[in-house]
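Colleague: Predicted model and sequence follow; I will ask about them next.
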Amino acid sequence: MTERSELGPRKAAVLRAVVEEYVRSGEPVGSETIAEHAGIGVSSATIRNEMAALEELGYLKHPHTSAGRIPTDLGYRLYVDSLPAGGRLREAQRRAIAGFFAEAILDLEEVLKGSVQLLGRLTQYAGLAVPPSASEEPIVKLELIDMGPTVMVLAVGQHGRVDKRVFDRPGELGPMTLESADRRLEPLRGLTYSEAQAHLLRLAAEGPFEEHDLILHVAETLRQSSGPEQGSHVVVGGVSNLTDEAQHWRRETVRRLFEALERENEMLGVLQDVRSAHEELSVTIGSEHPTTGEWDASLVTAPFRAGDATIGTIGIVGPTRMDYLSAMASVRAVAKRLSELATELEK
């Protein structure tokens, strides 16, 4: 890919101006508009020549028969790579994020649902998140609770997951048997849901017989909480924001994106392809991935962590004609706060 420095400062300034004007207006950008509003300090004829050169290099294109130009995916990429690494939130965005996390409950799954809605409001695109896998979440509490005519299994995961299951108490079950079975659960703390489930099946087979059904109820609770139907999935919020952008997309690409948001496995596959556990932020623009190329869309994603371990992904999807600076700053800030919360839950 041609580096920004090879374009020269004037071509780079013209490209930046075209991208930002097109993001603002949604209309093809002419040289006169750039000359009047971008403050580059050269005539519209000179800017027209620079735009023609940028088109030859593959950074701009003519839509249909319009005299103006719009960025290509390569043009957006060069623009995104030129943005400052940190980015800055607008004050209203900063307050919204601070306010949300100040009131967030200590349940990561619920916080993620709120976070994707928050990102939708901040960016006016659709928010996305991939939560931690339940099967690989360590258990911090696992116990049987005597509730008189019923018994409750309570499992609490390290990332704030809480699972409960209540079943009728067998008539012959005495308090001593219940206490004994509960004590046998203590060594399972620290194991993952899947590890603890396998261990419980061995405990049930080993006996004693009177505790067999109790132990199987605990194993079933963990199975229901971490089975394939509860595995990796995508939390989505703010999809209605995309309808405001639909006028600038082809009808077919809008339909495909909305259908993908409904087909969780397709969206999950794309997010798994583009996510990075090591980078602070990942931006995938249009044809850089086959599926986002079909949608004419971009993804901005970031990992969130518990301590040093990456446990999930948060981000947004929207048109390639995206306010990348704002989107990147918002996703980065929300991922940072999620990581702080997940790390706190781990302690």
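Modeller: It's in.
Colleague: hey, where'd the helices end up in the stretch 151-300 of the chain?
Modeller: For the stretch 151-300 of the chain, the helices defined by DSSP state H, counting those that start in this stretch occupy 175-183, 193-206, 212-226, 251-262, 264-274, 290-295.
Colleague: so where is the stretch 151-300 of the chain shaky, pLDDT-wise?
Modeller: 160, 226-232, 245-250, 276-278 (pLDDT under 70).
Colleague: quick one: residue 272 from residue 316, how far?
Modeller: For residue 272, the distance to residue 316 equals 17 Å [C-beta to C-beta, to the nearest Å]. Every residue, glycine included, has its C-beta placed from N, CA and C.
Colleague: can you name the farthest residue from the center of this structure?
Modeller: Each residue of the chain has a distance to the centre, and by C-alpha atoms, centre = their mean the biggest one is for residue 172: 49.0 Å.
Colleague: For the residue nearest to it when sequence neighbours are not counted, list the residues it contacts.
Modeller: Nearest non-adjacent residue to residue 172, counting by C-beta to C-beta, 6 or more residues apart in numbering: residue 210, 8.0 Å away. By C-beta atoms under 8 Å, 6 or more residues apart in numbering, residue 210 lies in contact with 172, 173, 177.
Colleague: I'd like the residues you listed laid out as JSON lines, including distance to residue 151.
Modeller: Listed next are the contacts of residue 210 as JSON lines, based on distance: C-beta to C-beta, whole Å:
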{"residue": "172", "distance to residue 151": "13"}
{"residue": "173", "distance to residue 151": "8"}
{"residue": "177", "distance to residue 151": "11"}
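Colleague: quick one, phi/psi of the residue nearest to residue 120 when sequence neighbours are not counted?
Modeller: With C-beta to C-beta, 6+ apart as the criterion, residue 120 has its nearest non-adjacent residue at 1.8 Å, and that residue is residue 238. When read as degrees, to the nearest 10, the backbone of residue 238 gives phi 70, psi 20.
Colleague: Distance-wise, check residue 238 relative to residue 124.
Modeller: From residue 238 to residue 124 the distance is 8 Å (C-beta to C-beta).
Colleague: Looking at those two, which has the bigger crowd around it?
Modeller: residue 238 (22 against 19; other C-beta atoms under 10 Å).
Colleague: dump the residue contacts of that one.
Modeller: Applying C-beta under 8 Å, 6+ apart, the residues near residue 238 are 116, 117, 119, 120, 121, 124, 125, 126, 127.
Colleague: now the residues you listed as TSV including distance to residue 64, secondary structure and pLDDT?
Modeller: Compiled in TSV, those are given as follows (distance: C-beta to C-beta, whole Å; DSSP: H, G, I helix; E, B strand; the rest coil; pLDDT from 0 to 100):
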residue	distance to residue 64	secondary structure	pLDDT
116	35	helix	95
117	37	helix	95
119	33	helix	96
120	31	helix	94
121	34	helix	93
124	26	coil	90
125	25	coil	92
126	27	strand	92
127	32	strand	94
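Colleague: I appreciate the help and will end here.
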